[in-house]
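[1] let me see the structure of the following:
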Amino acid sequence: MLRCERKGSMDVKILAMCVVISGARVCDISLDTVRTVAIIQGRRLFGAILGFVEALIYIAVVAGVLLNIRDHPEYMLAYAFGFAAGTYLGIAIEQRLAFGEQLISVFTRCNGEMTAALREEGFRVTEVGGEGRDGAVTILYIQVARHETKRLLRRARELDEACFLVVNDVRMVSAAPRKVTVRA
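    Take a look at the predicted model:
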């Protein structure tokens, strides 16, 4: 009976270690996903900080798995599960955070109607006339925070279900310097 309790407590320790390994990998890979997006967007300091924390977690987990791989091959499964779950969670977190700006191009035949409606809702819209395969089109350029993109796309489709939409990530925004008037 004493032997069964030891085996049971050992199984609990192994299970607990598998949960720790998986949990650490979920954190590590989630950070990696967000860090990658931060780097692409030019957020160097934020990316570096995430990379530092990610590396600490990674080293600790890999060391724990490799030191015990012969006695506990189940740690490899926990490691792989944590990697997969971390990838999924990292993408979900990054989409929820929605860092950055996007430039939406809307190609429409609704002329000024869509422009007026979107401006009324607070969107900053630049309107350009163009010529498409089937005739005249209006091209609307709208820069929005990434978390506003879905709302804008949905609204554009409500206003013109036949519009053509292009979404681009904005890495950098530059405005022309303003002229300063000095009074004497």
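[2] the top strand by length along the chain packs against which elements?
    For the chain, the longest strand by residue count, based on DSSP state E, is strand 135-145. Under the contact criterion of 3 or more C-beta pairs under 8 Å, 6 or more residues apart in numbering; DSSP states H and E, strand 135-145 touches strand 101-108, helix 112-120, strand 125-132. The C-beta positions use only the backbone N, C-alpha and C, and glycine is treated the same way.
[3] hmm, try it at 10 Å
    Packing partners of strand 135-145 (3 or more C-beta pairs under 10 Å, 6 or more residues apart in numbering; DSSP states H and E): strand 101-108, helix 112-120, strand 125-132, helix 149-159, strand 164-170.
[4] so which of those is nearest V34?
    Minimum separation from V34 across the helices and strands packed on strand 135-145 (C-beta to C-beta) falls at strand 164-170, 15.2 Å.
[5] correct me, but H72 touches M17?
    Yes. Using C-beta atoms under 10 Å, H72 is in contact with M17, at 7.3 Å.
[6] overlap in contacts, the two.
    Common neighbours of H72 and M17, counting by C-beta atoms under 10 Å, 6 or more residues apart in numbering, are 64-65, 78.
[7] most neighbours of all those, which one?
    Among the shared contacts of H72 and M17, the one with the most neighbours (other C-beta atoms under 10 Å) is A78, at 23 neighbours.
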